[in-house]
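Enquirer: could you work out the structure for the sequence below:
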Amino acid sequence: MYKISSMEETKNLNMEEVKKRWIRCLVWQQVVGTVLWISWDMAISLAASCLGWMPLSQGVMPSLWGFFRFLVFQISLAMLLVAHCIVTSPEEKAAASVWEMTGGLIGAVLGGGRGRRGALRRKAQTSGDWLLFVLISMLGGFLAVFSVTGGLMQMDVFAPFHMALRGAAFGFIYGVHYVFKKRWVLSFPIIQVVHTRRCVFAPPQGSAAAETNPTDPLLVALEESSRRSLAQYLAYLDLCMVSENNVDSWRRAAFFEETGETYKRIISACLRPLEHMAIKLLEGLDSSSVDKTADILSQQMRSPTDRPLYENAKEVLNDFQLCSWCARTVASLTANSHDEDRFGVAQLSGCNGAVVSTLLSCLIIVEVYLGKRSNIQPMHLMGPASIKWTVPSRGAVMEVGKRHSVALKKTALHKKAYAMADVLRTSIYQIVSVFQDEMLVRGSNAGGLSVAERDWLSKIKPVYGTHEMLLQKLGMFLEFRAS
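Expert: Model prediction:
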């Protein structure tokens, strides 16, 4: 577990900490490679003695030749590590197909398609990285096999080269398999793996920095790290673990300091990825022929196979891991604020309403992509929340059943969207289970209850849907009917 204690160290994390982790991989790889090579060379020498033939020549040449082969083997290992460094990413990336690259080239020559050049350039860069990885894997396989079979040249001069060609073929197969099976995507949290090992963005407990500004290193990492970088993922992972667990309760207690600025910055840093996901998904809806404001229900009732927007959704949901951490973090902090927020900063700052509204908006739009129809029906609660909301120009909303698209089932997109919806739903229930009594107030009708929307729904226009939609969706959670 690595601790980042000073502001300067935190600012340089994107380069220094990640570089250190790759260096650790290199050192470990070279040590293991040295042991394997020496063991193999000794085995070859023993076999040569048993068969009665000697290495290349006598005297100093065998040692020089062996040292040269050893250097070649170490270089091949370093090349393979560099190839992994090129393609490794904490999230999935989309590559450009031949047709996309051809169309982009034609569009560039004709001067059109400027709006899509940025996305196409990123996809082309990913394709180039994958191709380079396969080529380096082939060369690394060639050199590695040549180095370990070089001792056979006394028996057959061309034998090592023939074997090395097979090594190149194996390197090609390995490279293609590694790319298309997406082994280059880092999985979190795997503590045994160097890259995904947790990094603690905090000064040592008991130090002067821990007494004055224990959260500053984490805030700087969250706000200043490059988007989608390994450093950013490590910062969000650390924040999620602090929010959900009690191992660093002193750090979580510092989030609820009296001014409320720390808590607002943390919540804001977590809501940004969720809002970005919702906005991008909304842009996908905009690309279809359905009007997002006047015909929300029709978006939910249309088959997902009729929408030309799933390529966009696939790219957006590649941030599933990061968005999952963010949803879990804001839900845990909101729930913990019930007992740990002595100054009431979560409620007074409006963060509770922003958190619930964002989670509800994200859940609704993800359910649209799942092809799920909203289960709208009269509420048992009385008051404003019991009113059956309507979509403009559509009349009263009738109850519709839940449905998943058969065409998207068992696909990677459906699995990610379903997992994201499950995380969002669980996060909302986590808040509701703690604050259910505070969320309900007496309505104007005798014995009726209504949602305290002033405290639990943001006054700002939702990223997706309407205020009435969020209100009724929250009411369903309060009745534990949302599924």
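Enquirer: point to the residue nearest the middle of the chain.
Expert: By C-alpha atoms, centre = their mean, the chain has its centre lying nearest to Gln321, at 3.4 Å.
Enquirer: the helix or strand where that one lies packs against which elements?
Expert: In this assignment (DSSP states H and E), Gln321 forms part of helix 320-340. Helix 320-340 sits against helix 230-244, helix 249-255, helix 261-287, helix 345-348, helix 351-369, helix 412-439, with contacts defined as 3 or more C-beta pairs under 8 Å, 6 or more residues apart in numbering; DSSP states H and E. Every residue, glycine included, has its C-beta placed from N, CA and C.
Enquirer: next, report how far that helix is displaced from the centre of its chain.
Expert: Its chain's average C-alpha position is 16 Å from that of helix 320-340, according to C-alpha atoms, centre = their mean, to the nearest Å.
Enquirer: convert the C-alpha atoms of it to CSV, please.
Expert: Provided in CSV are the C-alpha atoms of helix 320-340 (Å, rounded to 0.1, in the frame of the first residue of the first chain):
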residue,chain,number,x,y,z
PHE,A,320,-18.5,1.6,-16.0
GLN,A,321,-15.9,0.9,-13.3
LEU,A,322,-15.3,4.6,-12.6
CYS,A,323,-19.0,5.5,-12.6
SER,A,324,-19.7,2.5,-10.3
TRP,A,325,-17.1,3.7,-7.8
CYS,A,326,-18.6,7.2,-8.0
ALA,A,327,-22.2,6.0,-7.4
ARG,A,328,-21.1,3.8,-4.5
THR,A,329,-19.0,6.6,-3.0
VAL,A,330,-21.8,9.3,-3.0
ALA,A,331,-24.3,6.7,-1.7
SER,A,332,-22.0,5.6,1.1
LEU,A,333,-21.1,9.2,2.1
THR,A,334,-24.7,10.3,2.1
ALA,A,335,-25.7,7.3,4.2
ASN,A,336,-22.8,7.8,6.6
SER,A,337,-23.6,11.5,7.0
HIS,A,338,-26.7,10.4,9.0
ASP,A,339,-24.4,9.5,11.9
GLU,A,340,-21.1,11.1,11.2
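Enquirer: how about it: buried residues?
Expert: Buried residues in helix 320-340, counted by 16 or more other C-beta atoms under 10 Å: 320-337.
Enquirer: most packed of the helices and strands packed on helix 320-340?
Expert: With neighbours defined as mean count of other C-beta atoms under 10 Å, the helices and strands packed on helix 320-340 peak in mean count at helix 351-369, which reaches a mean of 26.
Enquirer: quick one: mean pLDDT for that helix?
Expert: Helix 351-369 shows a mean pLDDT of 93.
Enquirer: elements contacting that helix?
Expert: Going by 3+ C-beta pairs under 8 Å, 6+ apart, helix 351-369 lies up against helix 261-287, helix 296-301, helix 320-340, helix 412-439, helix 453-456, helix 467-478.
Enquirer: low-confidence ranges in the stretch 351-483 of the chain?
Expert: Along the stretch 351-483 of the chain, the model assigns pLDDT under 70 to residues 373-412, 442-449.
Enquirer: tally up the residues packed near the closest residue to Leu360 other than its chain neighbours, please.
Expert: The shortest distance from Leu360 to any non-neighbouring residue, by C-beta to C-beta, 6 or more residues apart in numbering, is to Leu470 (4.6 Å). Counted with other C-beta atoms under 10 Å, the neighbours of Leu470 add up to 26.
Enquirer: next one: Ser207
Expert: With other C-beta under 10 Å as criterion, Ser207 counts 12.
Enquirer: show the pLDDT at it.
Expert: The model's pLDDT for Ser207 equals 86.
Enquirer: Pro308 too?
Expert: In this model, Pro308 carries a pLDDT of 47.
Enquirer: what angle separates the helix holding Gln321 from helix 412-439?
Expert: Relative orientation of helix 320-340 versus helix 412-439 (axes from the mean of the first three to the mean of the last three C-alpha atoms, to 10 degrees): 10 degrees.
Enquirer: before we move on, back to that, between the helices and strands packed on helix 351-369, which one is nearest to Thr215?
Expert: Nearest of those to Thr215, taken as C-beta to C-beta: helix 261-287 at 5.3 Å.
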